[in-house]
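> fold the following for me, if possible:
(2 chains)
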Amino acid sequence: MSAFRTMLLTEGKLVLRGFDVVFFGVLMPVIVAVILGLIMGGKPAYEGAGFTFMEQSFGALAAIGICAEGLMGFPLVVADYRHRKILKRFKVTPVSPALLLFVQCVINFAVTLISLLFVYAACALMFGYRMSGSPVEFILAYGLVILAIFGIGMMLASVAPDLKTANMLCSLVYFPMLLFSGATIPYEIMPSGVQKVMDFLPLTQGIKLLKAVSLGAVTDHLLFQILLMAAFAVVCTAISIKFFKWE
Amino acid sequence: MQKSLIAKGLSKKYGSKTALSDFSITIEKGEIFGLLGANGAGKTTALECILGTKKPDAGSVEILGMDPVKDRKRLFQKVGVQFQQTNYQDKITVKEACEVAHSLYSKPADWSRLLKMFGLDNKQKQPVNELSGGEKQRLSVILALIPDPELVFLDELTTGLDAKARRDVWKYLELLKEKGLTIILTSHYMDEVRALCDRICILKQGSTVILDTVDRVTESSPYDNLEEAYLWYSEEEVEIDECV
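Prediction:
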């Protein structure tokens, strides 16, 4: 078997053995979706709205998995493998340690997509959710937000001098993003003053993009969000590569 | 005779502290070479500069005729490395660690045979992190041998092993030596060095004190056994009193 396939298989099994990735990446978004659905499910998003609260929130719920994998799962594994010199060990084999990182990237990407699938299934089966926007456009937007958030995570893992700092940086970014980007607590129920602050979080903009696409409300206004996500993806990835340390 | 390794004038400083200075060795094919010295004498730095995991400030290295940095991928097909402390991915099992190592090489050795040889074949399903210190140590030696290497680096190969396991490892390394394997090892056990090594190099504060065959190192000291000769060369006598 090729090195890539063997590593993907092995690292994949390791992820399943760990409780955290499955819980935070897949179960938690589903739990939030169910709670939100039970409370607000069939109600219209606001008085006179043409869509339900659920329909409006789907883009946000879908982003919880991205947040968990991109800001916790992926960067912490990288920081841990570097800290414990597992990457260094791969440096004295014919395979590049970069392959190990790539494998992690693929796995976390896959977990995020699985998370999306589960959230969709929960919303569709329990609350009759249907996406009014184009699924293809949604997947594209979802991929773009993944690149931006994974980029931020990678950057944190690269600039952190040690595992402790990486842990701290990731928590400092993860929890505010989870709570104040609209991923868990709906953006729409926040006072407008708080919303203005929330707007500064990149994931808030990413969620706005996902919401608009899922509602089929694709307009020129989205260009700002698209460019912002692309910029985060490019700049953060570049920084993470520039500052990356194997050990 | 063919040279397995040529290192010339390797030097490395960490800040103002000299970790290795003007280190040169030439190792023949099929030789077992021991790198000795107290903790902090520069053994691991020497190994890392040779392997290219640390960049030496000066000097050059050629392993099996290749540059360890530029020809990394080609070279490490034929070279196995055991680092002093090996960490593994969380929850990975012995079998999985072997499978991953096996998948990296073009002509790897049979890992299940190696596990049997080192008495770990009944531990295949066990998570590596739950192995005892000695078992972990044996696993790290096995992983270094999975490439079916022409040259293997073993940093403190039997630390933590019981007497029987040490003998088993020695016996197996001798067997591999007969088949032409070149071994470069570090060790704190002089009985091990006596039993295995053809030549040794003693380092002290980063400098080579002596480099010769085991017998000649002993003969050129005022003592008649390797242990005391080693302590004399590395000037550790003071510490013996403390240990006793």
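> and residue 139, which of the three is it?
Reading this off chain A. helix (DSSP: H, G, I helix; E, B strand; the rest coil).
> that was the other one, I meant chain B.
Classification of B:Leu139 using three-state DSSP returns helix.
> A:Leu71: what's its closest spatial neighbour, skipping adjacent residues?
A:Tyr174 (4.2 Å; Cβ to Cβ, 6 or more residues apart in numbering or on different chains). To be clear about C-beta, it is placed using only N, CA and C from the backbone, and glycine gets the same treatment.
> and the pLDDT for that neighbour?
A:Tyr174 is assigned 94 on the pLDDT scale.
> before we move on, what about A:Gly73?
89.
> can you name the residues that contact it?
Applying Cβ atoms under 8 Å, 6 or more residues apart in numbering or on different chains, we find A:Gly73 in contact with A:Asp20, A:Val21, A:Phe24, A:Gly25, A:Asn108, A:Val111.
> next, count neighbours for B:Tyr233.
Counted with other Cβ atoms under 10 Å in any protein chain shown, the neighbours of B:Tyr233 add up to 20.
> and it, what element?
Element membership for B:Tyr233, per DSSP states H and E: helix B:226-234.
> who are the packing partners of that helix?
strand B:32-37, helix B:190-196, strand B:199-204, strand B:207-213, helix B:214-219 (3 or more Cβ pairs under 8 Å, 6 or more residues apart in numbering or on different chains; DSSP states H and E).
> try it again with 7 Å
Packing contacts for helix B:226-234, counted by 3 or more Cβ pairs under 7 Å, 6 or more residues apart in numbering or on different chains; DSSP states H and E, involve helix B:190-196, strand B:199-204, strand B:207-213, helix B:214-219.
> and those: which comes nearest chain A?
Across the helices and strands packed on helix B:226-234, chain A has its closest neighbour in strand B:199-204 (20.9 Å, Cβ to the nearest Cβ).
> quick one: the strands in chain B, in order.
Along chain B, the stretches classed as strands by DSSP state E are B:3-14, B:17-28, B:32-37, B:58-63, B:79-82, B:151-155, B:182-186, B:199-204, B:207-213.
> figure out the helix or strand that the most centrally placed residue in chain A lives in.
Centroid check for chain A by Cα atoms, centre = their mean gives A:Ile66 as the closest residue, at 1.1 Å. Using DSSP H and E, A:Ile66 sits within helix A:53-68.
> give the buried residues for the lengthiest helix in chain A.
Taking DSSP state H as the criterion, chain A has its longest helix at helix A:97-127. Judged by neighbour count (16 or more other Cβ atoms under 10 Å in any protein chain shown), helix A:97-127 contains these buried residues: A:97, A:99-101, A:103-104, A:107-109, A:111-113, A:115-116, A:118-120, A:122-123, A:127.
> what's it packed up against?
helix A:3-17, helix A:28-40, helix A:53-68, helix A:74-83, helix A:86-91, helix A:135-159.
> now stretch A:6-26, how far from the centre of its chain.
Put simply, stretch A:6-26 sits 16 Å off its chain's centre (Cα atoms, centre = their mean, to the nearest Å).
> do the same with stretch B:226-234
With Cα atoms, centre = their mean, you get 20 Å for stretch B:226-234.
> and it, what's buried?
Those would be B:Leu226, B:Glu228, B:Ala229, B:Tyr230, B:Leu231, B:Trp232, B:Tyr233, B:Ser234, for stretch B:226-234 by 16+ other Cβ under 10 Å.
> quick check: closest non-adjacent residue to the fourth one.
Nearest residue to B:Tyr230, sequence neighbours excluded (Cβ to Cβ, 6+ apart): B:Met190, at 5.7 Å.
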